[in-house]
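K.L.:
A structural model of the following input is requested.
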Amino acid sequence: MSRRINLSRREFLRMAGMSSLAAGVYSIPGVGSVVAQDPNEVSIMFWDGPPLIGIREQALIPFDEAYPDCKLDFISVPGGGYNDKLLTMLAANEAPDVFIIRIGQLPEFLSKDLLVDLKPYIDAENYDLSQFPDLAIEAYTHEGGIYGVPDNVATIALFYNQDMFEEAGAMLPTAQWDDEGWTVDDFFSSCEKLTKRDGNRTTQYAYDVSGWDKIWQIWVRIFGGQLVDDPFFPTECVLNEAPAVEALQFYADLRWEHGFAPRPDAMAEFGTDTLMQTGRLAMFQSGSWSFPNYRNVDFNVALGHFPAGKGGRANYVFYYPLVVPKTTEVPECAWNLLKFFNGPAMETIIKEGGLQGTTFEAQEKWFVTDPLPPANKHVMVDAARHFVAPDPVLTNWDAITRIMQAELDLLFIGEERDAKVVMDKIVEEVNPMILEGQWRS
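P.N.:
Alright, predicted model coming up:
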């Protein structure tokens, strides 16, 4: 029987302060009470809403047939309730046998010794880890053990209306990761050509300035900046250094100084998809989860890379892990479930439009070859290969990003126009937290 972990009330409350999980998940009804497991029942829990949750569940149905000694229990807790439910289950020693966490949460779980080391299973079967991004496996590795496998390896791309670009004579975002063109200056020039005004009224916007933390992090890296001095052994935030300040000032000015991007009131009234689908927005950024919204539009939609700046080209790569808690009583079934998810189930999930995929082989075979819009899906795969950047390894990174986001929101909504003022305040607030969140030497 696996060792059980007992969390004190104080520890549980501290863990409950970890951030709410991935932006963009949706709400459906919750989960019933936890019941005692059958001897070989293996549970897996996800945070997705429809349609992805249905795609996941359907793809995992054949697991019971593939592994007759195991019986799958599929649990869905979408939206902000996922984290609270997971922490409650952990505190009660009733955690699912497999579950997803944010990469920013992994150090917290490892520091509390809550997870099963998968390396003995990986070694026993010579399981091929080279199919996954190196940085993902490195992030899951601690003191020689490996504590997760990817749930999905996903990136962000520029979605653009090709017809609008061609009509305006604007340079198209490049679909080649190593293209020397499509620079920040080219991007700016295209924004100038794509923005249309009728007097004081903007009738067509070039770009959507998103407040999402993944996007502004991309722009910081494009300009050669970083979030912290060393992502693996961080000691201080460096967002107040010149490259990051320049990046965020440029990004905010796209909206407030140049008028290339809709202001918050327009976004609140219409939303990105409505503006894009009605021909009032030329480009925005998102992941493969937005594909269903652009399957049947009446214009040519394609994907492109972010522009290159002083720091080169950049992206944000999601590599959230699926993990196994030490409270599991069926570690072999949990391992089999992880293998099945990243094998036969992943083919179904990608083909049905659920995920970008966990392995490069699967992405090349099924994701890139999908004939439906948008075009240039290889952009996302190339980004996963070439533009992976690690999240800082801190036990409280999610809490730190909440502080950063609260201050940056003031810049993006126009309450503060000076990026340096915002960055200085962020550094002052989060540097003590970085020292508190260090956990490995």
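
K.L.:
I'd like the distance between the closest residue to residue 131 other than its chain neighbours and residue 386.
P.N.:
Leaving aside its sequence neighbours, residue 131 sits nearest to residue 359 (Cβ to Cβ, 6 or more residues apart in numbering; 4.0 Å). All C-beta atoms are positioned from the backbone trio N, CA, C, and that covers glycine. Distance, residue 359 to residue 386, using Cβ to Cβ, to the nearest Å: 16 Å.

K.L.:
go on, residue 60?
P.N.:
Residue 60 is 31 Å from residue 386, where distance means Cβ to Cβ.

K.L.:
Give me the contact list for stretch 174-182.
P.N.:
Here stretch 174-182 makes contact (Cβ atoms under 8 Å, 6 or more residues apart in numbering) with 171, 173, 302-305, 307-308, 313, 376, 378-379, 382-383, 385-387.

K.L.:
Surely residue 388 is within a strand?
P.N.:
No - assigned with DSSP: H, G, I helix; E, B strand; the rest coil, residue 388 falls outside any strand and is coil.

K.L.:
Can you give me every residue that contacts it?
P.N.:
Residue 388 makes contacts with 133, 135-136, 315, 317, 319, as judged by Cβ under 8 Å, 6+ apart.

K.L.:
so the spatially most central residue of the chain bridges to which residues?
P.N.:
Most central in the chain under Cα atoms, centre = their mean is residue 318, positioned 3.9 Å from the mean C-alpha point. Bridge pairing for residue 318 (DSSP bridges) gives the partners residue 154.

K.L.:
Surely it is in contact with residue 155?
P.N.:
Yes - Residue 318 lies in contact with residue 155 (Cβ atoms under 8 Å); the separation is 7.3 Å.

K.L.:
Quick check: neighbours shared by these two?
P.N.:
Contact with both residue 318 and residue 155 is made by residues residue 287, according to Cβ under 8 Å, 6+ apart.

K.L.:
The nearest residue to residue 152 once chain neighbours are set aside in helix, strand or coil?
P.N.:
Computed as Cβ to Cβ, 6+ apart, the closest residue to residue 152 that is not its neighbour in sequence is residue 355, at 4.5 Å. Under the three-state scheme (three-state DSSP), residue 355 adopts coil.

K.L.:
For residue 355, list the residues it contacts.
P.N.:
The contact partners of residue 355, taken as Cβ under 8 Å, 6+ apart, are 52, 152, 154, 288, 346, 349.

K.L.:
Over to the residue nearest to residue 131: give its phi and psi.
P.N.:
Backbone geometry at residue 359, expressed as degrees, to the nearest 10, gives phi -120, psi 150.

K.L.:
Would you map the strands across the protein?
P.N.:
Remark: strands assigned in the chain by DSSP state E are 41-46, 71-76, 98-100, 141-142, 145-146, 149-150, 157-161, 196-198, 201-207, 281-286, 301-304, 321-323.

K.L.:
can you tell me which of these comes nearest to residue 122?
P.N.:
Ranking the strands of the chain by proximity to residue 122 (Cβ to Cβ) places strand 145-146 first, at 6.1 Å.

K.L.:
ok, the closest one: who's next to it in the sheet?
P.N.:
strand 141-142 (antiparallel).

K.L.:
ok, the residue lying closest to residue 252 once chain neighbours are set aside - how many residues close by?
P.N.:
Excluding the flanking residues, the one nearest residue 252 by Cβ to Cβ, 6+ apart is residue 411, at 4.9 Å. Counted with other Cβ atoms under 10 Å, residues neighbouring residue 411 total 24.

K.L.:
which stretches of the stretch 1-150 of the chain have low pLDDT?
P.N.:
Counting by pLDDT under 70, the stretch 1-150 of the chain shows low-confidence ranges at 1-39.

K.L.:
Now with 50, please.
P.N.:
Within the stretch 1-150 of the chain, the stretches with pLDDT under 50 are 1-36.

K.L.:
quick one, helices of it?
P.N.:
For the stretch 1-150 of the chain, the helices defined by DSSP state H, counting those that start in this stretch cover 9-16, 52-60, 63-66, 81-91, 106-111, 119-125, 134-140.

K.L.:
of all those, which lies closest to residue 256?
P.N.:
helix 81-91 (33.8 Å).
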